[in-house]
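S.K.: Return a 3D structure for these sequence lines:
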Amino acid sequence: MTSQEIRQKFLDYFKSKDHLIVPSAPIVLKDDPTLMFSNSGMTQFKDFFLGYKTPTAPRIADTQKCLRVSGKHNDLDDVGRDTYHHTMFEMLGNWSFGDYFKKEAIAFAWELLTEVYGIPKENLYVTIFEGDASENLDRDQDAYDFWKSHISEDRIINGNKKDNFWEMGESGPCGPCSEIHIDLRTPEEKAAVPGITLVNQDHPQVVEVWNLVFMEFNRKADKSLEKLPAQHVDTGMGFERLCMALQGKSSNYDTDVFTPLISKVEELSGKKYTGILENEKDIAIRVVVDHIRAVSFAIADGQLPSNGGAGYVIRRILRRGISYAYRFLDTKEPFLYKLVPVLQEQMGTFFPEIEKQGKLVGEVIKSEEESFLKTIENGLIRVEKLIQQTIADNLKVLPSEEVFELYDTYGFPDDLTRIIAEEKGLTIDEEGFKAEMEKQKQRSKSDSAQKVYDWVVLAEKPETFVGYDQIESETYITRYRKVENKDGEFYQVVLSNSPFYPEGGGQVGDKGVLENASDSFEVLETKKENGLIISLINGLPKDATALFTAKVNATERKNSQGNHSVTHLLHEVLREVLGTHVEQKGSYVGPDYLRFDFSHFNKIAEEELALIEDKVNKKIKASIALQEFRSIPIQEALEKGAMALFGEKYGDNVRMIQFGSSKELCGGTHVKNTNEIGHFKIVSEGSAAAGIRRIEAISGDKSEEYFQNMEKQVIELSQLLKSKDVVRSIEKLIEENAALKSEVDALKKEKAKGEISDWKNAYEQKGNKQLLVKKTSLDAGSVKDIVFQLKREIPTSVTIILSDADGKPMITVGVSDDLAAEYQAGAIVKDLSKEIQGGGGGNPGFATAGGKNLEGLENAYQKALNI
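M.R.: This next block holds a predicted model:
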């Protein structure tokens with residue numbers, strides 16, 4: 001049975017049991033502050049479990065793309081070193097929202113596994129929750145009794161809270177669970193050791209294949225449990241492990257989920273995969289084929305690699321794959337991107353986003369590979385310098401600070417530093433490196449640390465967003481909770497009628513005030529969490545149950561929604577001018593400016609930018625009225641021509657925004673007419689990533705300010721130049737400056753010739769070597785030229801020049817080639833630069849260092865004389 005057939009049989013089975021089959025949600029979460037990625041099948045249904053939204057159907061089934069690489073659920077370090085851990089994996093799941101519960105969930109699972117898939121019953125074991133006295137939780141007797149009707153009691157195992165009480169995170173929906181394990185060992189192995197003793201013991205052939213979670217509790221911030229409004233079922237079956245079981249393999253990587261990718265890696269690298277666990281080459285191949293899946297789907301869902309947040313995680317995964325390939329597969333050129341077509345062929349039918357976005361995914365990965373391979377090459381040079389310095393200092397251990405700087409600042413893998421050091425007979429300060437890593441983690445934690453208390457519910461009132469129609473409304477606080485972070489103590493509030501738009505869809509959240517006759521509080525931000533619109537205020541009202549007036553900052557809202565509307569016009573114009581391949585890949589919409597990322601593979605010419613700007617402004621001046629379809633079926637919106645973006649999760653009903661021929665699915669706030677936008681001005685255009693261009697622009701008040709400032713600058717320039725023809729006057733200045741620069745350069749060369757003659761005669765004989773230590777005010781370029789000439793012409797010499805040009809200390813050191821084995825210019829300059837509070841570097845024959853302490857040049861001079 002192929003993996004495609006296994007996946008389809010699952011969906012067909014649950015469709016026959018009256019489940020609605022839904023597509024996978026994006027792997028990247030954009031509007032959930034508690035998670036970066038979907039790390040389980042239930043992520044997209046969280047609001048249903050918490051009662052914030054009504055389920056689209058009481059029974060649902062799907063296959064969900066999941067990623068576990070951060071936080072509590074982090075499998076990254078295990079990937080490649082065993083047969084079953086993965087970064088990205090598929091979770092087959094069936095869900096009941098207040099419909100069926102334990103009895104039916106257990107019966108469905110048993111029937112599917114044993115009758116549809118034909119797994120022998122004697123190969124299966126099940127676990128149930130044994131209870132936990134500390135939480136006042138009883139043994140799950142119901143699950144035990146239901147399982148008894150399907151499987152012998154000696155195959156039902158009690159499990160502790162760690163294994164059999166499922167929790168998504170520190171807080172949220174949770175409940176007892178029942179795991180189904182499969183024993184894939186040979187008959188001889190089963191006879192020797194009973195399978196029941198290997199359940200949940202990390203045995204590679206006795207593995208959990210399905211987890212049935214019975215959601216009936218909510219874990220609060222104070223760690224207490226409360227009953228959910230209704231009982232739900234949340235099941236998750238690891239697709240890759242199921243394929244391993246049904247295809248009779250002993251490793252996930254031996255199934256057809258991975259073998260096509262492995263074959264391609266073998267072809268590209270010339271290395272043969274043998275499946276040996278401890279073999280570094282095989283580990284590298286497993287890492288590569290796993291990581292390419294995670295990275296490709298994240299990019300297809302709209303998350304580009306970057307230096308922060310979810311983008312940093314994706315970049316880290318990709319670089320881990322590149323690093324393994326570089327070290328153990330001997331691939332020194334980009335090649336991971338060549339695996340994307342294989343992935344498209346394998347998974348494009350079930351996940352159309354990888355099929356449609358394949359070209360972009362490949363371009364981004366290739367660009368990241370090129371960049372990181374350069375990082376590795378540059379890092380190798382830095383490591384070599386570090387090793388030379390360590391050897392010169394007669395040490396055997398590379399200092400942890402330097403190794404960590406290579407890792408943290410330059411992105412050079414620490415394990416690669418370790419390997420190179422060992423080849424030279426050195427080690428790294430492991431404990432010191434761990435300490436540096438821990439310091440960094442603590443710094444990150446302290447920057448983001450936040451204590452969130454439980455909600456205090458004041459009133460069971462409907463919580464409604466009214467911000468599309470008004471920016472001021474009378475309202476009640478329905479619930480609040482305290483928040484403490486490094487900036488102090490604040491309160492998050494949910495309002496019965498909120499005019500504050502919550503951050504989302506690229507648009508910033510509204511700010512404003514919440515006030516009544518007794519109190520007034522600043523609304524600092526507004527976000528959405530688990531379906532709730534949450535505004536952050538800088539205090540708690542004396543009477544939180546009183547009636548308040550909520551007022552949005554009108555100026556900021558006006559400018560933000562103008563910028564949002566103009567991104568829609570810009571998107572349409574980009575597709576007109578550049579082609580229909582253009583698709584939005586990210587945006588930021590605030591009151592001060594807008595940023596729009598889109599797919600396009602070339603730099604946009606100045607003429608095209610001018611045309612784009614002109615076309616957008618013509619649409620603005622055309623006074624196109626907004627047509628808002630606040631809630632229409634998504635299929636109807638698509639039939640009307642609305643743009644739907646990959647990486648976004650849409651409901652059955654959507655909001656469509658139309659300005660003439662521009663039609664997009666969008667939840668943001670917008671102008672009522674394009675003439676409210678004012679003027680649109682592109683400020684910059686550049687590359688955001690491979691295959692992704694970025695336009696930054698302004699409109700409205702900021703555009704007006706821009707032209708006012710430009711006019712002011714032109715007037716001031718005209719007055720300074722005493723000319724109305726500013727352009728011609730500046731051209732004349734440039735010409736004069738170029739002529740004067742040529743004269744200055746000629747004078748510098750003449751002065752340098754004189755210095756060379758004097759300095760040649762100033763070397764001090766020290767034994768059989770010659771030392772020159774000189775102070776000068778020559779610029780860095782002239783000093784460099786002189787030092788290179790002297791170290792060529794003066795044998796067995798060390799030349800040290802200390803310059804104070806432009807009031808900045810600079811030390812330059814040259815060592816003649818015949819002394820290179822004895823003296824290191826880099827070591828000398830490193831020692832002397834301490835006196836000027838600076839740093840620098842170079843090679844064994846030439847090095848420079850700049851600093852902050854000009855007075856320290858005298859100390860450096862005296863120290864240099866004593867070399």
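
S.K.: List the strands paired with the helix or strand where residue 66 lies, with their directions.
M.R.: Assigning secondary structure by DSSP states H and E places residue 66 in strand 59-67. Strand 59-67 has the following strand partners under DSSP bridges: strand 20-21 (parallel), strand 88-97 (antiparallel).

S.K.: Phi and psi next, for residue 166.
M.R.: According to degrees, to the nearest 10, the main-chain angles of residue 166 amount to phi -90, psi 130.

S.K.: and it, bridged to which residues?
M.R.: residue 175.

S.K.: So it versus residue 102, what's the distance?
M.R.: Using CB to CB, to the nearest Å, one gets 14 Å for the distance from residue 166 to residue 102. For the C-beta atoms, the positions are set from N, CA and C on the backbone; glycine is no exception.

S.K.: for residue 729, same thing?
M.R.: In terms of CB to CB, residue 729 sits 85 Å off from residue 102.

S.K.: neighbour-wise, which of the two wins?
M.R.: Comparing residue 729 with residue 102 by other CB atoms under 10 Å, the one with more neighbours is residue 102, at 23 against 16.

S.K.: ok, the more buried one - contacts?
M.R.: Residue 102 sits next to 142, 143, 146, 178, 212, 214, 233 when contact means CB atoms under 8 Å, 6 or more residues apart in numbering.

S.K.: Any idea what the fifth one is bridged to?
M.R.: Which is residue 212. Assigned bridge partners for residue 212, using DSSP bridges, are residue 178, residue 235.

S.K.: give me the number of residues near it?
M.R.: Neighbourhood size, residue 212 [other CB under 10 Å]: 24.

S.K.: And the helices in the stretch 751-867 of the chain, which stretches?
M.R.: 780-793, 825-833, 857-865 (DSSP state H, counting those that start in this stretch).

S.K.: Make a markdown table out of those helices and add mean neighbour count.
M.R.: Putting the helices of the stretch 751-867 of the chain into a markdown table (neighbours: other CB atoms under 10 Å) gives the following:
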| stretch | mean neighbour count |
| --- | --- |
| helix 780-793 | 18 |
| helix 825-833 | 22 |
| helix 857-865 | 17 |
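
S.K.: Show me the one of those that comes nearest residue 27.
M.R.: Nearest to residue 27 among the helices of the stretch 751-867 of the chain is helix 825-833 (45.9 Å), distances taken as CB to CB.

S.K.: For the stretch 551-700 of the chain, give me the ranges with low pLDDT.
M.R.: 646-647 (pLDDT under 70).

S.K.: Show me the strands in it, by range?
M.R.: With DSSP state E, counting those that start in this stretch as the criterion, the stretch 551-700 of the chain has strands at 584-589, 594-599, 626-633, 653-659, 662-665, 680-689, 692-699.

S.K.: okay if I get the ones you listed as a markdown table plus distance to residue 756 and mean neighbour count?
M.R.: Below are those laid out as a markdown table (distance: least, CB to CB, whole Å; neighbours: other CB atoms under 10 Å):
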| stretch | distance to residue 756 | mean neighbour count |
| --- | --- | --- |
| strand 584-589 | 55 | 22 |
| strand 594-599 | 53 | 22 |
| strand 626-633 | 74 | 13 |
| strand 653-659 | 70 | 21 |
| strand 662-665 | 68 | 21 |
| strand 680-689 | 44 | 17 |
| strand 692-699 | 49 | 22 |
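
S.K.: right, and the ones you listed - which one's nearest residue 2?
M.R.: Using CB to CB, the nearest of the strands of the stretch 551-700 of the chain to residue 2 is strand 594-599, at 32.3 Å.

S.K.: just the strands paired with strand 59-67: most buried one?
M.R.: strand 88-97 (a mean of 25; mean count of other CB atoms under 10 Å).

S.K.: tell me how far the very next helix or strand once past that strand is from the chain's mean position?
M.R.: Under the assignment DSSP H and E, the closest C-terminal helix or strand after strand 88-97 is helix 102-111. Distance of helix 102-111 from its chain centroid, counting by CA atoms, centre = their mean, to the nearest Å, is 38 Å.

S.K.: same deal with stretch 666-686?
M.R.: Relative to the chain's own centre, stretch 666-686 is displaced by 28 Å; criterion: CA atoms, centre = their mean.

S.K.: Can I get that stretch in CSV, CA atoms only?
M.R.: The C-alpha trace of stretch 666-686 is given here as CSV (Å, rounded to 0.1, in the frame of the first residue of the first chain):
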residue,chain,number,x,y,z
CYS,A,666,-9.3,40.7,3.9
GLY,A,667,-10.3,41.3,7.5
GLY,A,668,-8.6,44.7,7.8
THR,A,669,-10.0,48.2,8.0
HIS,A,670,-10.3,50.3,4.8
VAL,A,671,-11.1,53.7,3.5
LYS,A,672,-14.7,54.3,2.2
ASN,A,673,-13.3,55.8,-1.0
THR,A,674,-9.8,55.7,-2.6
ASN,A,675,-9.7,59.6,-2.6
GLU,A,676,-9.2,59.4,1.2
ILE,A,677,-5.8,57.8,0.6
GLY,A,678,-4.2,61.0,-0.7
HIS,A,679,-1.0,60.5,-2.6
PHE,A,680,1.0,57.3,-2.9
LYS,A,681,4.8,57.4,-2.9
ILE,A,682,7.2,54.5,-3.2
VAL,A,683,10.1,55.1,-0.9
SER,A,684,12.2,52.0,-1.7
GLU,A,685,12.3,48.7,-3.6
GLY,A,686,14.6,45.9,-3.0
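
S.K.: give me the number of residues near residue 509?
M.R.: Residue 509, neighbours per other CB under 10 Å, totals 20.

S.K.: isn't it right up against residue 523?
M.R.: No: the criterion here is CB atoms under 8 Å, and residue 509 misses it with residue 523 at 9.0 Å.

S.K.: So residue 604 sits against residue 578, correct?
M.R.: Yes: with contact defined as CB under 8 Å, residue 604 reaches residue 578; the gap is 7.2 Å.

S.K.: Do a quick rundown of the helices in the stretch 501-650 of the chain.
M.R.: Using DSSP H, counting those that start in this stretch, helices in the stretch 501-650 of the chain cover 554-578, 606-621, 634-639.

S.K.: Would you reformat those as TSV and include distance to residue 706?
M.R.: Conversion of the helices of the stretch 501-650 of the chain to TSV gives the following (distance: least, CB to CB, whole Å):
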stretch	distance to residue 706
helix 554-578	13
helix 606-621	13
helix 634-639	35
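
S.K.: Of the ones you listed, which stretch is the most buried?
M.R.: Using mean count of other CB under 10 Å, the stretch among these with the greatest mean number of neighbours is helix 554-578 (a mean of 22).

S.K.: Could you list every helix and strand that it packs against?
M.R.: strand 584-589, strand 594-599, helix 606-621, strand 653-659, strand 662-665, strand 680-689, strand 692-699, helix 700-721 (3 or more CB pairs under 8 Å, 6 or more residues apart in numbering; DSSP states H and E).
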